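>>> Below are the sequence and a predicted model; questions follow.
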Protein chains: 2
Amino acid sequence: MSVKIKDVAKEANVSVATVSRVLNNIPLVNDETKKRVQEAIEKTGYKPNAIARSLKMQKTNTFGIMIPDISRPYYTQVIRGVEDVCNIYNYNIILCNTDSEPTKEEKYFDVFLEKQVDGILYIGKGLSQALINKIESNKTPIVLGAVNDAMGRYHSVAINNELAAYDITNHLIENGHREIAFFTDEDEKSYVGQERKKGFLKALKKHGLKENPIFELKGKYSIRGGYDLMGELLTNTKLPTAVVALNDEMAIGAIRKLEDSGKKVPEDMSVVGFNNFQLSEWLKPGITTVAQPMYDIGAICARIMIKMLNNSKIDEKAVIVPHELIIRDSVKKL
Amino acid sequence: MSVKIKDVAKEANVSVATVSRVLNNIPLVNDETKKRVQEAIEKTGYKPNAIARSLKMQKTNTFGIMIPDISRPYYTQVIRGVEDVCNIYNYNIILCNTDSEPTKEEKYFDVFLEKQVDGILYIGKGLSQALINKIESNKTPIVLGAVNDAMGRYHSVAINNELAAYDITNHLIENGHREIAFFTDEDEKSYVGQERKKGFLKALKKHGLKENPIFELKGKYSIRGGYDLMGELLTNTKLPTAVVALNDEMAIGAIRKLEDSGKKVPEDMSVVGFNNFQLSEWLKPGITTVAQPMYDIGAICARIMIKMLNNSKIDEKAVIVPHELIIRDSVKKL
DNA sequence: CTGAAAGCGCTTACAG
DNA sequence: CTGAAAGCGCTTACAG
C-alpha cells in the first residue's frame, strides 16, 4: 500500500489539513510545523494522488488532443510543441488518433469528457456538424490547430492556407508556368484543401490563367498517393509544366514517378509541395515548398488553452502564424 | 453544471447504487428498472465521471509512456501500435518525451506515479540505475519497448539487436567488403548501440576481419548526424568500402555527403542503415537496411501490459520480434 | 496558525 | 432485486 496524506499527518503529528496546506504552499503555516511536515513527507516517500486531487478540485490538468495520425511527421511536430509547453505548466495530454474520421472524432470527444479533461485540442481537417453540436452542448474549452473555424466561433492557430497556396502557385506562374496541375485531398470536405484550392485559383485568375479540370487530381497525402496521382496525370496526352502537391510526401511520390518514367525534375516538369517535410531539403532535387511553423502551432495552441483556463485575456480568436515559401530546386524557370 | 449519477437516480426514481449497477452491467437488476435507468441516462445526457470512478476503483485505465522524442518517425510508429491496442481495451495513454535523458525519465516516472497510471511503458536507450531504483521501490508494472533488460528483470519487446547488426554486416562482407565503417550513437551507454556493436564485431570476427578503430565514428541519429560523420570519415586518407549506420536517417545523410563530395553510392562506397525508415524505399539509391516491426513492438508492449494488469499468464519475459534484412540498391558487390 | 468535518462523484459490501 | 451508507484520497470553508 502506498502512503497517503493521513500517514504523513500521523508521522508529523498534525492534521491532514495542515499537510495539505504545506503541499499546496498555502502560506499560513508555521515555519516549524512546515518543516516537520516536509520531513515527514521525505521520510515516508509520500506522493500526492493526482486523481483524488482532481476529483476535489474539478480540474485534471489534462488536455485531450485529437490528431489524424500521430505517425505522420507533420502532426508529430505539432504534438511536440504542445507537449513542451504543457510540461512547463504541468499539464498532461491524452492523445487520440482519429484518422480524420468524424465518427472517431466524436467518439474521442466523449472519451475526453468522461476523462474530465480541462480542455480539448482539435487537430484535423475541420469540424463536422455533429462535433460542433457536441462542443456547443458543453462548456469544455476547445482550440483548433492547423485549421481555422470558418465561422469564427472557436480559437484557432493556423497559417493562412489560402495565401500560402496563392504564394506558391504565384511562384510557379512567375517562373513562366501556365499549365499547372493540382494534387489535392481525396476528401472534398477538407477545410484546408478547400482553402488552398481557393488560393490556387486566385493566383491563376490574377494572371489571367484558366483552371484545367483535367489537371486537378484527388488522392492520398502520402508518397504512394503522389506516385499514383502522377501516374494518372501522365496518361494525358497534354501535360502541365508544373504541379502543386498539397504536401511534400505527395510531391516526393510524384517526382519519383516522373523519374521512373524517364522524366527529369525540374527539367521536364516542376513539382512543389507543402509543409517542408524534414527530408525535403535533403533530396535531389530539393523540393520547393511552403513551410509551416508546426512546432509553434502546437505550442501556441497549448498556450491559448492554458490562458483560457486561467481566464486570461486572449488577443485574437484566430491566430495566423506565418508561412514561408522555401525555394529549392524542383522548379524550372521557363 | 454537468449531470451526476444522483441526477439520473432522481430522474429514474431509483438509488444511485442501482444506476451504478446498470452503468457497469452488473446483472442483478430488474429488466424494467434497467430500462427506466437507461432512459434516464439518455434523457439527462449523463456521462460517467472517470476520475471519480478511478479514485474509487484504484485504477485509472491509463498507461504512462515515455519515449525519447515523438517527432522521430521510429517512435511514432511504436506509439501508434500502443494506441491502437489501448483503444481496443479502453486504455488511454499519457505521453512524455524524455530525449533519452535520465533525469527527465526519472521526473516523468514520478509524474506517472502521481497520476496513478496502471502501468508504465518505457521506450528509450536503457534503464539508468536511478530509474531501476524507482521501479523497484514501487509495484507499478513496467514493460520495455525496443530495448531489452540486460538483467531479465522486466518484460520487454524488441528485436535481437545483436543479430540484426550481425546480419547486415554479414551481408556486406558476403558482398566482398573488408573495410567497414560503423556509425554509432554518441551516447556510449546506449544499450541498443552496444548490442549492435557486438553483432557488428561478431560478423567481422567470423570472417577473420579486424575492427579498424578509425572507422568507428560516433554521432547523432539524424540526417545531419550522418552527413557530418561522413564528412569526418572522408578526411581519412584510407577509406572503407562500406559503412553500417545505426539508423536510416544517418545513412541518408551519409549518402548525401558522399554525393556532395562527388562520390557515387554504391559505386564508390556502400551504405546500409537500420529501421527501414518509410522513405528509404523511395530514395535513389534505395537504402539497404534492417526493418524492425515498430508498430508491432508497440502493440505487443501494450498487450503484455494489459495481460499483467489482468494477472494473465505471459509466456515469455523478453519477447523477441523478428527483424528483416531489406536489400535495396545501396550496396555494391565487390 | 491549526483541526474537524464536509464533500468531490463514484462503487460495492451489507442488509433487507 | 434494491437502497443506505461507507469510503477512495484529497482540499478548504469554517470555527477556534
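Great, that's in hand. Quick caveat: nothing in here was measured; it's all calculated off a predicted structure.
>>> For the rest of this, base every contact and every neighbour count on C-alpha atoms.
Noted.
>>> Point me to the residue of the stretch 151-300 of chain A nearest DNA strand C.
Residue nearest to DNA strand C within the stretch 151-300 of chain A (CA to the nearest atom of the strand): residue A:154, separated by 25.7 Å.
>>> so what's the nearest residue to that residue once chain neighbours are set aside up against?
If the residues on either side of it in the chain are set aside, residue A:154 comes closest to residue A:143, at 6.3 Å by CA to CA, 6 or more residues apart in numbering or on different chains. Counting by CA atoms under 8 Å, 6 or more residues apart in numbering or on different chains, residue A:143 touches A:120-122, A:154-157, A:301, A:304-305.
>>> wait, is residue A:143 part of a helix?
No - assessed with DSSP: H, G, I helix; E, B strand; the rest coil, residue A:143 is strand; it does not lie in a helix.
>>> what sits opposite it in the beta ladder?
Beta-bridge pairing for residue A:143 (DSSP bridges): residue A:121, residue A:155.
>>> separation between it and residue A:292?
18 Å (CA to CA, to the nearest Å).
>>> Check residue A:12 too.
54 Å.
>>> ok, these two, which is more surrounded?
The neighbour comparison of residue A:12 against residue A:292 (other CA atoms under 10 Å in any protein chain shown) goes to residue A:292, with 24 against 21.
>>> residue contacts, that one?
Residue A:292 makes contact with A:159, A:275-276, A:322-324, according to CA under 8 Å, 6+ apart.
>>> In helices, which of these fall?
Using DSSP state H, no member of these falls in helices.
>>> Give the PyMOL command for selecting the buried subset of those.
Buried residues among the contacts of residue A:292 (16 or more other CA atoms under 10 Å in any protein chain shown), as a PyMOL selection:
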select buried, chain A and resi 159+275+276+323+324
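>>> Please identify which of the contacts of residue A:292 is nearest to residue B:309.
Ranked by distance to residue B:309 (CA to CA), those are led by residue A:275 at 41.5 Å.
>>> Residue A:256 in helix, strand or coil?
Look at residue A:256: counting by three-state DSSP, its state is helix.
>>> any idea which helix or strand carries the nearest residue in space to it that is not next to it in sequence?
Nearest non-adjacent residue to residue A:256, counting by CA to CA, 6+ apart: residue A:227, 6.7 Å away. Take DSSP states H and E as the rule and residue A:227 turns out to sit in helix A:223-233.
>>> Show me what that helix is packed up against.
On a contact count with 3 or more CA pairs under 8 Å, 6 or more residues apart in numbering or on different chains; DSSP states H and E, helix A:223-233 meets strand A:216-219, helix A:248-260.
>>> Next, format those as a markdown table and append mean pLDDT and distance to DNA strand C.
What follows is those, written out as a markdown table (pLDDT from 0 to 100; distance: least, CA to the nearest atom of the strand, whole Å):
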| stretch | mean pLDDT | distance to DNA strand C |
| --- | --- | --- |
| strand A:216-219 | 96 | 44 |
| helix A:248-260 | 96 | 45 |
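>>> which one of these is the most hemmed in?
Of all the helices and strands packed on helix A:223-233, helix A:248-260 carries the top mean neighbour count, a mean of 25, counting by mean count of other CA atoms under 10 Å in any protein chain shown.
>>> report the angle between the axes of that one and helix A:223-233?
50 degrees (axes from the mean of the first three to the mean of the last three CA atoms, to 10 degrees).
>>> Now tell me what touches the next helix or strand after helix A:248-260 from outside.
Counting by DSSP H and E, the element after helix A:248-260 in chain order, helix or strand, is strand A:270-272. Strand A:270-272 has contacts (CA under 8 Å, 6+ apart) with A:168, A:241-245, A:248, A:251, A:254-255, A:265, A:287-289, A:330-332.
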